[in-house]
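Sequence isn't available, so here's the structure alone:
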């Protein structure tokens, strides 16, 4: 399976962004990096949104229906 350039770029950008946000969250949760409450909440939201974008791009690559409302296993 070979992806077209727009789909490949979208997927890789979404993955890299989510990975960067997840790494930042892990530094706080697992490594004890200090973060004030307001920035911690912002980090949680950012990671959550980037995960949603990655999941959407992944579903597109795999040809799966989108969103929880279309999830046959939900």
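The structure has been received and is ready for your questions. Just so it is clear, the structure is predicted and the values come from calculations on it, not from any experiment.

Point out where the protein drops to low pLDDT.
By pLDDT under 70, the low-scoring segments of the chain are 67-74.

Can you pull up the most central residue in the protein?
Taking CA atoms, centre = their mean, the centroid of the chain lies closest to residue 51, which sits 1.9 Å from it.

what's the nearest residue to it if we skip its chain neighbours?
Counting by CB to CB, 6 or more residues apart in numbering, residue 18 is the residue found nearest to residue 51 once chain neighbours are left out, at 5.3 Å. (Glycine included, C-beta is placed from N, CA and C.)

circling back: element containing the residue nearest to the centre of the chain, please.
helix 37-62 (DSSP states H and E).

In that helix, which residues are buried?
Under the neighbour-count criterion of 16 or more other CB atoms under 10 Å, helix 37-62 has 43, 46, 47, 50, 54, 55, 57 buried.

Contact partners for the residue nearest to the centre of the chain?
18, 21, 22 (CB atoms under 8 Å, 6 or more residues apart in numbering).

Would you format those residues as a markdown table with secondary structure, neighbour count and distance to residue 65 included?
Formatted as a markdown table, the contacts of residue 51 follow (DSSP: H, G, I helix; E, B strand; the rest coil; neighbours: other CB atoms under 10 Å; distance: CB to CB, whole Å):
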| residue | secondary structure | neighbour count | distance to residue 65 |
| --- | --- | --- | --- |
| 18 | helix | 22 | 20 |
| 21 | helix | 20 | 25 |
| 22 | helix | 14 | 25 |
